[in-house]
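> Sequence first, then the predicted structure:
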Amino acid sequence: MIRTESGIDWRWNWSRRPALGMETRQFQQLFSLLQGFRVSETGDKWTWEADDEEAYTIKSLKKTLELNRIPADPNPMKWANGVPLKVKGFIWKARLDRIPTKVALTSRGVQVGSEECSFCFGNYESSEHLLLHCLFATMVWNKIARWCGWSMPLFNSVRECMDSYSDITGSNSKKETMAVILKATVWYIWLVFNSSTPSVDGVVDKVRVNTFFWLKHRARKINVVWHKWCSNPLL
Ligand SMILES: [Zn+2]
């Protein structure tokens with residue numbers, strides 16, 4: 001920081017310049033914050049943002065937390081009978097955008113090189129892109145939608161996609177079945193993403209076979225028959 005006659009000038013002494021993508025965006029945010037920075041002649045001191053008058057205390061922190069409780073999720077995750085725990089855990093993280101995509105890793109300071117999607121190299125690799133909008137994911141979803149006789153809308157987020165089972169018309173078991181298929185599709189797209197030979201048909205087959213066994217052996221209320229399941233799981 002250099003004080004000039006017209007104000008403050010910033011000179012950057014980089015050991016490494018910010019990479020394109022998230023780092024550049026974060027640098028721009030930092031720079032815009034610094035634009036409003038004013039230097040005073042008084043010495044620096046630590047302050048506690050929650051209370052201008054008092055320094056940080058546990059009592060003050062507790063009061064702040066009580067006043068700013070994190071609101072409950074208005075649309076909590078449907079856990080879905082039959083889905084294995086590891087898949088539920090993954091979906092829970094994906095809904096909160098907590099899976100290790102390149103965009104998420106970069107935002108946490110992990111060096112991943114380019115943030116481009118490893119499938120299509122044309123977009124940022126976010127959870128929405130990877131699991132919903134990438135060409136590979138789109139081809140999988142199209143086949144899943146055709147199998148289910150479902151006209152799949154364009155989802156903006158994993159959360160929106162996972163919650164869309166409730167829009168299916170019909171019985172609760174039909175909605176439950178759809179919830180399981182949605183979770184399985186996202187899970188197997190993610191798994192194949194980490195494999196060396198991604199195959200759209202391979203993902204669709206895994207969804208079709210494994211959701212059948214999950215429901216047959218783990219969901220007591222849903223009765224599934226293989227040949228019907230293969231033609232349309234929602235009938
Ligand atoms: Zn992609």
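Received the coordinates, thanks. Numbers count the residues shown, from 1 in each chain.

> what's the closest non-adjacent residue to residue 130?
Nearest non-adjacent residue to residue 130, counting by C-beta to C-beta, 6 or more residues apart in numbering: residue 101, 5.7 Å away. In this view, the C-beta of every residue, glycine as well, is placed from N, C-alpha and C.

> do residue 206 as well
The nearest residue in space to residue 206 (C-beta to C-beta, 6+ apart) is residue 188, at 4.7 Å.

> mind listing what the residue nearest to residue 130 touches?
Going by C-beta atoms under 8 Å, 6 or more residues apart in numbering, residue 101 touches 125, 126, 127, 129, 130.

> what's the closest of these to the ion?
When the contacts of residue 101 are compared for distance to the ion (C-beta to the ion), residue 129 wins out at 5.6 Å.

> Helices of the protein, residue ranges please.
For the chain, applying DSSP state H gives helices covering 22-35, 58-67, 85-95, 102-107, 127-128, 135-148, 158-163, 172-193, 200-218, 226-231.

> check contacts around the residue most central in space within the chain.
In the chain, the centroid-proximal residue (C-alpha atoms, centre = their mean) is residue 97; its distance is 2.4 Å. Contact analysis of residue 97 by C-beta under 8 Å, 6+ apart lists 104, 126, 127, 157, 158.

> And the furthest pair within the residues you listed?
104 and 157 (13.8 Å; C-beta to C-beta).

> The two - which one has more neighbours?
Per other C-beta atoms under 10 Å, whichever of residue 104 and residue 157 has more neighbours is residue 104, with 19 against 16.

> residues contacting the closest residue to residue 11 other than its chain neighbours?
Nearest residue to residue 11, sequence neighbours excluded (C-beta to C-beta, 6+ apart): residue 2, at 5.9 Å. Taking C-beta under 8 Å, 6+ apart, we find residue 2 in contact with 8, 9, 10, 11.

> burial of the second one, as a residue count?
Close neighbours of residue 9, defined as other C-beta under 10 Å, add up to 9.

> again with the first one
The burial count assigned to residue 8 is 13, neighbours taken as other C-beta under 10 Å.

> Over to the third one?
Other residues near residue 10 come to 11 when the count uses other C-beta under 10 Å.

> do the last one as well
Applying other C-beta under 10 Å, we find 6 residues neighbouring residue 11.

> how much space between it and residue 4?
Using C-beta to C-beta, to the nearest Å, residue 11 is found at 11 Å from residue 4.

> before we move on, back to that, and the contacts of residue 2, which is closest to residue 51?
Closest approach between the contacts of residue 2 and residue 51, by C-beta to C-beta: residue 8, at 28.4 Å.

> Any figure for the gap between the closest one and residue 138?
From residue 8 to residue 138 the distance is 48 Å (C-beta to C-beta).
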